[in-house]
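Novice: Quick one, structure for this:
(chains A and B)
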Amino acid sequence: MKVYNTLTKKKEQLVPIDDKTVRMYSCGPTVYSYAHIGNMKAFLFMDFLKRSLNYLGYKVKNVMNITDVGHLVSDADEGEDKMIKTAKSTNKTPWEIAAMYTDAFLADIKKLNIQRPNVLCKASEHIEEMLEMVYKLYDEGYAYETSDGIYFDIAKFPQYGRLSNLDLEGQLAGARVAVNEEKRHPADFALWKKAPKEHIMQWDSRWGMGYPGWHIECSAMSRKYLGDQFDIHTGGVDHIPIHHENEIAQSDAFLKKQAVKYWMHCEFLQVDGGKMSKSMGTAYLLSDLEEKGYEPLAFRYMCLNAHYGKKLNFTWDGIEAAQKSLNRLSNLVLEHKESDTHIDSNVIEEYKQQFREALQDDLNLPLAMSTVWNAARNNVKSKSIYNLLMDFDKVLALDLDKKRTEAADDIPEEVTLLAEQRLEARKNKDWKKSDQLRDRIRQLGYSINDTPAGQVIKKG
RNA sequence: GGCGCCAUAACCAAGCGGUAAGGUAGAGGUCUGCAAAACCUUCAUUCUCCGGUUCAAAUCCGGAUGGCGCCUCCA
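Specialist: This next block holds a predicted model:
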């Protein structure tokens, strides 16, 4: 498989360090509010990558962090923080808030058929591992102390800026004035912060009570679970310039060698051609889609239709199209399931080959999807194609053999009653009455379709 | 100001030197009392514009125009 490596700006052949298992780390959610569908796109990317690697025959071990410390400052000296607001208004502790949003996150990824990473680790439970790195970096002169914390000295790490192609000099010229006058360079970043009394989450350290800087958790936990050196690190493009740059600096300085071989980043989800924003109300949640009658898997389908490295434009028309496509695809899959016309095995092999090649080329899922459709639309309806498509579904994870035109199961009695009356009217060929009843049912938010098997009532 | 990405049919979106994948919408058809759903067929001589390289360019180079993102602990 070839993957685009942000570090080298090239597509490279993926060669696992340990030739048996690909070890991969993905930046996870910060659990102080609900994750929106933009966040989900990144987690879907991780899942597509893992499943594709498995499909292509690689073994994979993956780790994801849950960031449950760092944002959890108790006083609002930096303006409005959603976390604090929530904590105050609900009278809960940061720990409780974190637990609540972690649960919500896990429920969401489950709905999206995102496989739970092999290791899901919380920052708050790995303070010791983080301190181990901070101490060593400090002792070896990579970090210095200021009145409010321990900072990494980027001057000691000449490769700083390689990932994001940062020109530190140029950057400096236009940079805003450093807030922290004690920092030697504006880009120096905190490894450890000394905690003010009112900071709720704090731990003991050499420098007294404090809490970890916002980058060290990934370095410490990836090292703990994947070893000093591992293969792939994924995340959103927004993390390239600061978070991942800093991670590289602290990890590589700590190890005296390169920790991560391939850096893979997924582009943002936009809404109506622009930035997704909470203030504009476009930071939709999975539950928003569900409320409008879309399956979470329709969103998964949508993401499958664009390359991970490119921005995807979310629109309501787009999700509608995705849901329809998914419904039709499932229908076709079931058609193949129920038929057993013979088909030349070469045809099957050809599809399989195309699918594999698409995955191998830097996870070109949109291209893979064209093969999926070509196979599904094949005029010959065959069990072999059904098996093939279900094989593809190991990667797609769209539950393709799910019947999506089934009647909804929570039909209100009122609607059921009207439907029965309509059935009666149709028997009597009283079309006028039957159409009126259909209209009323539609007004109640349900659609009714006549099929050879009888009438089917669906929500929406 | 610094860094970067992208411009392909009504919309979403592959292709990245060899003559435009796929999905949605639209159109036509089968089915139906009529619809809907489902299924089938069809749908870009052309890839923002202008130059250049080449036997050959959406694909490479130069320029123009337009859109977007990051530089704020947002994936």
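Novice: alpha carbons only for contacts and neighbour counts from here, please
Specialist: OK.
Novice: what's the lengthiest helix in chain A packed up against?
Specialist: Across chain A, the longest stretch assigned as helix under DSSP state H is helix A:316-337. On a contact count with 3 or more C-alpha pairs under 8 Å, 6 or more residues apart in numbering; DSSP states H and E, helix A:316-337 meets helix A:296-304, helix A:365-376, helix A:383-396.
Novice: Could you look up the next helix or strand downstream of it?
Specialist: Using DSSP states H and E, the next helix or strand after helix A:316-337 towards the C-terminus is helix A:345-360.
Novice: now the angle from that next one to helix A:365-376?
Specialist: 170 degrees (axes from the mean of the first three to the mean of the last three C-alpha atoms, to 10 degrees).
Novice: residues near the residue of chain A found nearest RNA strand B, how many?
Specialist: Closest approach between chain A and RNA strand B, counting by C-alpha to the nearest atom of the strand: A:G236, at 2.1 Å. A:G236 is flanked by 23 other residues according to other C-alpha atoms under 10 Å.
Novice: Now it: phi and psi?
Specialist: phi -80, psi 160 (degrees, to the nearest 10).
Novice: Return the residues in contact with it.
Specialist: Counting by C-alpha atoms under 8 Å, 6 or more residues apart in numbering, A:G236 touches A:42, A:265-268.
Novice: Over to A:S147?
Specialist: A:E182.
Novice: Surely A:T234 touches A:E267?
Specialist: No. Taking contacts as C-alpha atoms under 8 Å, A:T234 lies outside contact range of A:E267: 11.2 Å.
Novice: So the two - more neighbours on which side?
Specialist: Remark: of A:T234 and A:E267, A:T234 carries more neighbours, 23 against 19, as counted by other C-alpha under 10 Å.
Novice: In what element of secondary structure is the more buried one found?
Specialist: strand A:230-236.
Novice: what is the mean pLDDT for that strand?
Specialist: For strand A:230-236, mean pLDDT rounds to 94.
Novice: residues touching A:L329, list them.
Specialist: A:373, A:376, A:400.
Novice: In CSV: these, plus distance to A:Y4 and neighbour count.
Specialist: CSV is the format used below for those (distance: C-alpha to C-alpha, whole Å; neighbours: other C-alpha atoms under 10 Å):
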residue, distance to A:Y4, neighbour count
A:W373, 26, 14
A:A376, 30, 25
A:L400, 29, 23
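Novice: sorry, back to before: would you tell me which one of the helices and strands packed on helix A:316-337 is buried the most?
Specialist: When you average the neighbours per residue for each of the helices and strands packed on helix A:316-337 (mean count of other C-alpha atoms under 10 Å), helix A:296-304 leads with a mean of 23.
Novice: Could you export that one as CSV, CA atoms only?
Specialist: Taking C-alpha atoms only, helix A:296-304 is exported to CSV below (Å, rounded to 0.1, in the frame of the first residue of the first chain):
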residue,chain,number,x,y,z
PRO,A,296,-25.4,7.6,10.7
LEU,A,297,-24.2,5.2,8.0
ALA,A,298,-25.4,7.7,5.4
PHE,A,299,-22.7,10.0,6.7
ARG,A,300,-20.2,7.2,6.5
TYR,A,301,-21.2,6.7,2.9
MET,A,302,-20.8,10.4,2.2
CYS,A,303,-17.2,10.3,3.6
LEU,A,304,-16.5,7.3,1.5
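Novice: Done for today, thanks.
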